[in-house]
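J.: Let's see this in three dimensions:
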Amino acid sequence: MKKLLVICMLVIVQLTLNLPALYAQYKSDVAFHNFPWGTSMREFTARMGNPAHVDEFDGLQSLVYDNLIVSGYPVFMVAYFSRNGLEGGTYYFHTFSLDELMQCYRDVQKELLDLYGPTILCDGIIREMRPYETSWELPGGYVYLKVNTRQHEPIMLWYSSPALTKKLFGP
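T.: Just a heads-up that it's a prediction; the model follows:
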């Protein structure tokens, strides 16, 4: 029994030591719509054009853009700005059928898995009454992909800077 315990501990230690090498091939910095965190609203609108709508909530100003294409799918996009510049953003994917919705989710999830690597939560199995979710908590920010087929909600892909993530979720 002691030998088995020692072998298990050695395997755990070896796996732990190899984790940095496993994740080294993946991206750890996060940006939203190819803009780094802290980009000023003026720089953002200079490249993106004027938003369709502007709103403010809880100290963040939101710029809403429609008719964009992300990962081959139409989306509307919301970019969040604080006094420090770009803090986060969300894409809402337009899909027109359940089949297209699920294909879009799988396509976007695969792109993100290829980019950021294994996830905190990756639900590939259909679970009754639960949405599909995939998230990455990275040094450069937080990425969260979700779809809830039961509620007929659009696919949501949310990006958050480390500062906004800390503000929302704590240290």
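J.: Now do Gln151, the pLDDT please.
T.: At Gln151, the model reports a pLDDT of 76.
J.: how would you label it: helix, strand or coil?
T.: coil (DSSP: H, G, I helix; E, B strand; the rest coil).
J.: What separation is there between it and Val143?
T.: 21 Å (C-beta to C-beta, to the nearest Å). (C-beta placed from N, C-alpha, C; glycine too.)
J.: Between the two, tell me which one has more neighbours.
T.: Each of Gln151 and Val143 has its neighbours counted (other C-beta atoms under 10 Å); Val143 has more, 20 against 8.
J.: buried set for the helix or strand hosting Asp114?
T.: For Asp114, the host element (DSSP states H and E) is helix 98-116. Neighbour counts over helix 98-116 (16 or more other C-beta atoms under 10 Å) mark Leu101, Met102, Cys104, Tyr105, Val108, Gln109, Leu112, Leu113, Tyr116 as buried.
J.: Kindly report the same for stretch 68-78.
T.: Result for stretch 68-78 [16+ other C-beta under 10 Å]: buried residues Val70, Ser71, Tyr73, Val75, Phe76, Met77, Val78.
J.: So which of the residues you listed are in strands?
T.: Val70, Tyr73, Val75, Phe76, Met77, Val78 (DSSP state E).
J.: The residue nearest in space to the middle of the chain - nearest residue in space that isn't next to it in sequence?
T.: Computing the C-alpha centroid of the chain and ranking residues by C-alpha atoms, centre = their mean puts Val143 first, at 2.2 Å. Among residues not flanking Val143 along the chain, Trp136 sits closest, at 4.4 Å (C-beta to C-beta, 6 or more residues apart in numbering).
J.: I'd like to know which elements the helix holding Asp114 is packed against.
T.: strand 73-82, strand 85-93, strand 132-138, strand 141-147, strand 155-160 (3 or more C-beta pairs under 8 Å, 6 or more residues apart in numbering; DSSP states H and E).
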